[in-house]
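>>> predicted model, plus sequence, below.
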Protein chains: 4
Amino acid sequence: MSVEKSFETMINPRFCETDALAHISNTVLPIWFEHARDPLCKAIHPSMTVDDWPMIVARISVDYIAQVFVQNPVKIITSVSKVGNKSFTLNQKAYQLDKLVCSGECVIVYFDYKNQKTIPIPDTPRKFLEERLI
Amino acid sequence: MSVEKSFETMINPRFCETDALAHISNTVLPIWFEHARDPLCKAIHPSMTVDDWPMIVARISVDYIAQVFVQNPVKIITSVSKVGNKSFTLNQKAYQLDKLVCSGECVIVYFDYKNQKTIPIPDTPRKFLEERLI
Amino acid sequence: MSVEKSFETMINPRFCETDALAHISNTVLPIWFEHARDPLCKAIHPSMTVDDWPMIVARISVDYIAQVFVQNPVKIITSVSKVGNKSFTLNQKAYQLDKLVCSGECVIVYFDYKNQKTIPIPDTPRKFLEERLI
Amino acid sequence: MSVEKSFETMINPRFCETDALAHISNTVLPIWFEHARDPLCKAIHPSMTVDDWPMIVARISVDYIAQVFVQNPVKIITSVSKVGNKSFTLNQKAYQLDKLVCSGECVIVYFDYKNQKTIPIPDTPRKFLEERLI
């Protein structure tokens, strides 16, 4: 039996996300990518409450491949590209009208906010992430 | 002896705050106005920490008088227009190149987040606000 | 034969739209409301291009009735509450878990960006709006 | 005679830029970094109008080194780390209370929006950028 390895999120661009160059501002893609990580985050930490939230973003990178425009929805595919001891890396690809317009990476570290230190990925999320490694 | 009745905040517009109509998006003004309320909020609740934050926004209105553009700074003047039992009202005016471009009102209610109910304005902030009524 | 009088938009709140008070920032509602006006704007000005865009926002007001949280989708209902000579007014209501959490009004003026002046609402959009008056 | 090699921008964090984890959202740093590139962009393309805007962002990366909080201003230092044929790379560092909290890179490509293609960096901005290479 196989698992669904990646997560898909649809975004309807908002007019206020354009800028004066008449395309979607480059600053918006990190926002969409964060939103598109929700289903995966919910899968590995179902409570989704901040009181016991165990992750923090350590690094993002975004490659802008083609301009994105407001008129058409954007599909974002999020998948797991690396699982380390305390962190994991996600790969994210954004498509508009079936064309790859943007790709990104995001490194997320397991983090204990109370004690302000990184922690190892617990077994259950680790297993979930490793099963979805691409 | 007189008190300074209003608070002034300078904003440098950001390129990502423009939209495809090449002006500042109307959605940005509420963000600037919130930011421009900081000095007054700090004056009446100096800790500025969320743990004991006692206010919540109940209503805003914004009148867009002229288009705002990214190239020049915007000055926002915030003043107290009404002090009630549990709430007070601020008037905010935004100027670009000495021209009034936007005005707004904001009703803020004293609020106990733990018990989720409105509370009377305590004496110290009430005195501060009443002294600045215009 | 009757027409559908109001427009419905679903919003999935984004984590970055929360603020340190752990609810959705009040500054986000104007952004959602703008987005929720898209279907109506598209109906009265189908091209949706900025080159001939004939409207500008003259005024918004937002009443915050209950806190909005990130965990559940928000439904926004947009309807026409007034049609004037050069402007029309929309009423917008936001619901989360079937509870009214926010309501707003928005005055939109027909506007000629090239000549920088207001213009009368043309007949076709006027008819569309008047048929949907509530 | 030496030139000032880097550009400094001060940011006052906004309350709406926090998220429910009570720190500045990771999605905000790309916005601040874009804003902090303005002085350099203005230096190499003084008109700052979109009609002849000759650049596009091709890639960003952001390393989150420490949490950023709303209470204190953030200083961003932008410098030139690479000048290629058609693109250049900026290095950006954000400091809060004199502590490095975030660093980023940004690759900007000279771009002809009318013909939708990359172009070589013209001589004047090239000279300006090369003089500031660190």
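Arrived safely, thanks for sending.

>>> what parts of chain A come near chain D?
With Cβ under 8 Å from any Cβ of the partner chain as the criterion, chain A meets chain D at residues A:20-21, A:25-27, A:30-31, A:34, A:50, A:53, A:56-64, A:67, A:113. C-beta coordinates here come from the backbone N, C-alpha and C atoms, glycine included.

>>> ok, which of those also contact chain C?
A:31, A:34, A:50.

>>> so where does the residue of chain A found nearest chain D fall, helix or strand?
Taking Cβ to the nearest Cβ, chain D has its nearest neighbour within chain A at residue A:61, 3.8 Å off. Under the criterion of DSSP states H and E, residue A:61 resides in strand A:55-64.

>>> between that strand and strand D:55-64, how many degrees?
Computed with axes from the mean of the first three to the mean of the last three Cα atoms, to 10 degrees, the direction of strand A:55-64 lies at 160 degrees from that of strand D:55-64.

>>> in terms of secondary structure, what does strand A:55-64 contact?
helix A:29-36, strand A:99-112, strand D:55-64 (3 or more Cβ pairs under 8 Å, 6 or more residues apart in numbering or on different chains; DSSP states H and E).

>>> can I get the ones next to chain C among the residues of chain A next to chain D in TSV with neighbour count and distance to residue A:77?
Conversion of these to TSV gives the following (neighbours: other Cβ atoms under 10 Å in any protein chain shown; distance: Cβ to Cβ, whole Å):
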residue	neighbour count	distance to residue A:77
A:31	22	17
A:34	21	15
A:50	16	27
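
>>> on that earlier part again, mind pulling the model confidence for the residue of chain A closest to chain D?
pLDDT recorded at residue A:61 is 98.

>>> count of neighbours near it?
As a burial measure, residue A:61 scores 17 neighbours (other Cβ atoms under 10 Å in any protein chain shown).

>>> find the residue closest to it in space, skipping its chain neighbours.
Nearest non-adjacent residue to residue A:61, counting by Cβ to Cβ, 6 or more residues apart in numbering or on different chains: residue D:61, 3.8 Å away.

>>> ok, now residue A:108?
Counting by Cβ to Cβ, 6+ apart, residue A:55 is the residue found nearest to residue A:108 once chain neighbours are left out, at 5.1 Å.

>>> count the residues that sit near the one you found.
Taking other Cβ under 10 Å as the criterion, the count of residues near residue A:55 is 20.

>>> where exactly do the strands run in chain A?
Counting by DSSP state E, residue ranges of the strands within chain A are A:7-11, A:55-64, A:74-83, A:87-96, A:99-112, A:117-118.

>>> rewinding a little: which of the helices and strands packed on strand A:55-64 is buried the deepest?
Using mean count of other Cβ atoms under 10 Å in any protein chain shown, the stretch among the helices and strands packed on strand A:55-64 with the largest mean neighbour count is helix A:29-36, at a mean of 24.

>>> that one close to chain B?
No - taking Cβ under 8 Å from any Cβ as the criterion, helix A:29-36 and chain B are apart, separated by no less than 10.5 Å.

>>> orientation of that helix relative to strand A:74-83 in degrees?
For helix A:29-36 against strand A:74-83, the angle by the same axes, to 10 degrees is 80 degrees.

>>> dump helix A:29-36 to CSV, restricted to CA.
Output in CSV follows, covering the C-alpha atoms of helix A:29-36 (Å, rounded to 0.1, in the frame of the first residue of the first chain):
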residue,chain,number,x,y,z
LEU,A,29,5.3,33.7,-2.7
PRO,A,30,6.8,33.0,0.8
ILE,A,31,3.3,33.7,2.2
TRP,A,32,1.7,31.3,-0.2
PHE,A,33,4.4,28.7,0.5
GLU,A,34,3.8,29.0,4.3
HIS,A,35,0.1,28.5,3.8
ALA,A,36,0.8,25.5,1.5
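
>>> any low-confidence regions in chain A?
Across chain A, residues meeting the criterion (pLDDT under 70) sit at A:1.

>>> which residue is nearest the middle of it?
The geometric centre of chain A, computed from its C-alpha atoms, lies nearest to residue A:37 (Cα atoms, centre = their mean), at 3.4 Å.

>>> got the contact list for that one?
A:7, A:78, A:90, A:92, A:106, A:108 (Cβ atoms under 8 Å, 6 or more residues apart in numbering or on different chains).

>>> ok, now residue A:75?
Residue A:75 is in contact with A:8-11, A:94-96, counting by Cβ under 8 Å, 6+ apart.

>>> ok, back up a step: pretty sure the residue of chain A closest to chain D is touching residue D:63, no?
No - applying Cβ atoms under 8 Å, one finds residue A:61 not in contact with residue D:63, separated by 9.4 Å.

>>> tell me the angle of the strand holding residue A:61 relative to strand D:99-112?
Using the same axes, to 10 degrees: strand A:55-64 against strand D:99-112 is 20 degrees.

>>> who touches strand A:55-64?
Around strand A:55-64, the neighbours that count as contacts under Cβ under 8 Å, 6+ apart are A:26, A:29-30, A:33-34, A:41, A:45, A:87, A:101-111, A:113, D:26, D:30, D:56-64, D:67.

>>> what residues does chain A put near chain B?
By Cβ under 8 Å from any Cβ, the residues of chain A that approach chain B are A:15-16, A:18-20, A:22-23, A:25-28, A:70.

>>> repeat the analysis, applying 10 Å as the threshold.
Within chain A, the positions near chain B by Cβ under 10 Å from any Cβ of the partner chain are A:14-28, A:69-70.

>>> whichever of the residues you listed end up buried, select them in PyMOL.
Those of the residues of chain A next to chain B that meet the burial criterion (16 or more other Cβ atoms under 10 Å in any protein chain shown) are gathered into one PyMOL selection, given here:
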select buried, chain A and resi 14+15+16+17+18+19+20+21+22+23+24+25+26+27+28+69+70
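
>>> perfect, that will be all.
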